[in-house]
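> Requesting a structural model of the entry that follows:
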Amino acid sequence: MEARRAAAGRTFDVAAPANDSGVAMLTVRKNAATPLANADGDYAPLQTDSTGALRITGSVSAASAGPYVVDSAFAGTHTGMPAFAVRKNAATPLANADGDYTPLQTDASGALRITPSYASNNSFVVFDNGFPAFAVRKDIPNSLADDGNYTPLQTDSTGALRVSSACSANNSFLAGDRGFPAFAVRKNTAAAIVGTDNSYTPLQTDGTGYLRVIAAGATTAGAPHNPGTEYGAPVFAVRKDSAAAFVGVSNGGYTPLQTDANGALRVITTGTVTAAGPYAADAAFGAGHTGMPAFAVQKTTAASLVGADGDYTPLQTDANGALRVNPGSSALNSAVALSASAINVKPLDFGLMVQRGLYTDMSFINVYGRNTNAAMLTIWPLPTSYSTPTGAQLLNVVSNNSNDSSGGIGARTVFIEGLDGNYDIVSETVTMNGMTTVATTNQYIALNNVYVATAGSTQWAEGTITFTQQSSGQQLAAIRANINVAESAVYTVPRGYTAFINELFITGFNTTSNTTCHVALQTKTSSGVFLTQALIILTGNLVNHLDKRFSAPIVAPEQSVIMFRSIAANGGGTWDVAVNFGVFLVLNS
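Residues are numbered from 1 along each chain as shown. Predicted structure coming up:
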């Protein structure tokens, strides 16, 4: 009995050893709650209901004290029972074995001990766990408790946690606006801190506290730019139509960036910024005006810094720091030269600019033709007049000399450029086979540029090479021996282009006196009519020549035929006539 008394007696607020023993406490089952003692102050045993639950003082009903069903509405009259715990200054188990009942524990400050415990500045671990915080759904925000009382957290109908001072998009900025800090894990070396792609992961900072962002590429001054691999995050600002400090923000206080009504970032340039800046277009220069420098990337060799058309790209300079520019259709890089003390403007030569490729929508073509017996004939090397073919056909290419072949001493290959049945430009190179005909790959309705591309030891065509349509027999061009080009003063304008004839040079000779030769510049339109645009009269027994530049070019639209030919010859003799004329070919679009 003494041992039982000793086991039952315990001092209040003393430590509980693991091997403590005690006497079981018995109760009386009472299905209906009624007193078991006769009068107030009598001893009475504890009671349990039919389920074994201990009866306690107070009226506790399912409606007012719980248990509460998950997702049931919160009510201000809900009550509950406090949960007690054992104070343990050092965290140690209070039960003997895994699976035993054990009371909750608090530390010396009364804070409930939980698992896991994360200390400030502890390393983050992938499998760190935590306890969920529950909240009450409130579709319309209102208080659930009086000032100073405990109250549950609230969410809206989407499950988003309601917080104080939520700032909506496009709301006006106020100096007193508040927010919640976002915490991150310090990682001195950038590395993943979760196991797999798509897993939740905390933000990271480097060793200096800067937030790590996706910015694969150079961020160091002077480092090369890496197109397509450098990224960044947007920086937001507050629109302020009039430049002014935000109300309530004092010197040294945090403040957002500002833009004007056009979205342009407001900046402070070196020096005093007054109401004069930013400066309006065509405004007068003022001595006190300031500005920001424009930086560029040095590229010794001109090349694109971005991946595709339409991407943002920095300006470029060459190795000397000179800004790279695209002259486009301007002639500035030829018309302007920089000397030690001034910019020198040089005279412009339009033809030179075109030949240099500074005008990408046009080209210059020199057309040359000669007929050594030009009476009433086209100025070309064939003894017939040129007639316009009715359609495109394959061409037969042949020489009247066997040395014009792939292994011969004369012409070995010839280049052909002309127009197909749609009047589009096509070209090819044909390998000669002497006096045996070779067929072209393309079909042609006109030839505009024909010449010997490669030759043997003589470096010339040894015979006359003709280019004739297979079916119609219409001759389109010829290369005479020792000339290497088709001397044809005939040009057909390709589809989608317009030709502008700006100058001509003509020379002719006849040993017979008192003779004349009339040479006409004619254009044939789509209607099939040849129109005479200029007429030159040559006189016999003289060396005639005319160099003419038109003040306004003669225009020949697409699919027109331009041709020089002799339309009259008087007095006999033989006329040898040569013509050069210049054509600017301009893309219609």
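> Tell me who's in contact with R55.
By CB atoms under 8 Å, 6 or more residues apart in numbering, the contact set of R55 is K30, A33, L46, Q47, T48, D49. Every C-beta, even on glycine, is put in place using the N, C-alpha and C of the backbone.
> phi, psi of it?
Phi and psi for R55, reported as degrees, to the nearest 10, are phi -80, psi 140.
> ok, now Q355?
phi -60, psi -30.
> And the nearest residue to it once chain neighbours are set aside, what's its pLDDT?
Counting by CB to CB, 6 or more residues apart in numbering, F364 is the residue found nearest to Q355 once chain neighbours are left out, at 5.7 Å. pLDDT for F364: 94.
> is it true that F364 touches G357?
No: contact between F364 and G357 fails when scored by CB atoms under 8 Å: they sit 10.5 Å apart.
> Name the residue in the two with the higher neighbour count.
Taking neighbours as other CB atoms under 10 Å, F364 and G357 compare with F364 leading, 17 against 10.
> Residues contacting the host helix or strand of the more buried one, please?
Using DSSP states H and E, F364 sits in strand 362-371. For strand 362-371, contacts defined as CB under 8 Å, 6+ apart pick out 351, 354-355, 377-381, 448-449, 485, 487-491, 562, 564, 566, 575-587.
> Please list only the buried members of these.
Listed as buried from these are 354, 377-381, 448-449, 485, 487-491, 562, 564, 566, 575-586; burial here means 16 or more other CB atoms under 10 Å.
> Among the residues you listed, which ones are in helices?
V354 (DSSP state H).
> Report the backbone C-alpha coordinates of stretch 199-213 in CSV.
This file holds the C-alpha atoms of stretch 199-213, laid out as CSV (Å, rounded to 0.1, in the frame of the first residue of the first chain):
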residue,chain,number,x,y,z
SER,A,199,9.2,20.6,-59.4
TYR,A,200,8.4,23.5,-57.0
THR,A,201,11.6,25.3,-56.1
PRO,A,202,12.4,28.4,-54.0
LEU,A,203,13.9,31.6,-55.5
GLN,A,204,17.7,31.9,-55.2
THR,A,205,20.1,34.7,-54.4
ASP,A,206,23.9,34.9,-54.9
GLY,A,207,26.4,35.5,-52.2
THR,A,208,25.8,39.2,-52.3
GLY,A,209,22.0,38.9,-51.9
TYR,A,210,21.1,39.6,-55.6
LEU,A,211,18.2,37.6,-57.0
ARG,A,212,19.3,35.0,-59.6
VAL,A,213,17.4,35.4,-62.9
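> in it, what's buried?
Counting neighbours by 16+ other CB under 10 Å, one finds that the buried residues in stretch 199-213 are Q204.
> All the strands of the stretch 201-350 of the chain, residue numbers only.
203-205, 238-239, 258-259, 296-298, 315-317, 336-338, 343-345 (DSSP state E, counting those that start in this stretch).
> tell me, which of those strands is the model least confident about?
Mean pLDDT across those is lowest at strand 336-338; the value there is a mean of 49.
> where do the strands sit along the stretch 1-150 of the chain?
Secondary structure of the stretch 1-150 of the chain, counting by DSSP E, counting those that start in this stretch: strands at 28-29, 47-48, 85-87, 104-106, 135-137.
> With mean neighbour count, mean pLDDT and distance to A190 as extra columns, can I get the ones you listed in a markdown table?
A markdown table is the format used below for the strands of the stretch 1-150 of the chain (neighbours: other CB atoms under 10 Å; pLDDT from 0 to 100; distance: least, CB to CB, whole Å):
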| stretch | mean neighbour count | mean pLDDT | distance to A190 |
| --- | --- | --- | --- |
| strand 28-29 | 11 | 86 | 67 |
| strand 47-48 | 17 | 86 | 62 |
| strand 85-87 | 13 | 83 | 43 |
| strand 104-106 | 16 | 84 | 40 |
| strand 135-137 | 14 | 80 | 35 |
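> Save these as CSV, and put in distance to T512 too.
Listed next are the strands of the stretch 1-150 of the chain as CSV, based on distance: least, CB to CB, whole Å:
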stretch, distance to T512
strand 28-29, 151
strand 47-48, 148
strand 85-87, 134
strand 104-106, 132
strand 135-137, 115
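> closest to I506 out of those?
I506 lies closest to strand 135-137 among these, at 96.8 Å (CB to CB).
> So what touches whichever helix or strand comes after that closest one?
On the C-terminal side of strand 135-137, the closest following helix or strand by DSSP H and E is strand 153-155. Applying CB under 8 Å, 6+ apart, the set of residues contacting strand 153-155 from outside is A133, F134, A135, V136, R137, K138, P141, L144, L161, R162.
> Most neighbours out of those residues, which is it?
K138 leads those on contacts (other CB under 10 Å) with 17 neighbours.
> State whether it and D156 are indeed in contact, as I suppose.
Yes: assessed by CB under 8 Å, K138 is found in contact with D156 at 7.1 Å.
> Can you check which residues contact both of those two?
With CB under 8 Å, 6+ apart as the test, K138 and D156 both reach R162.
> Looking at strand pairing, list the partners for I537.
Under the criterion DSSP bridges, I537 forms beta bridges with H518.
> Would you mark the buried spots in stretch 470-479?
Buried residues in stretch 470-479, counting neighbours by 16+ other CB under 10 Å, are found at Q474, Q475, L476, A477, A478, I479.
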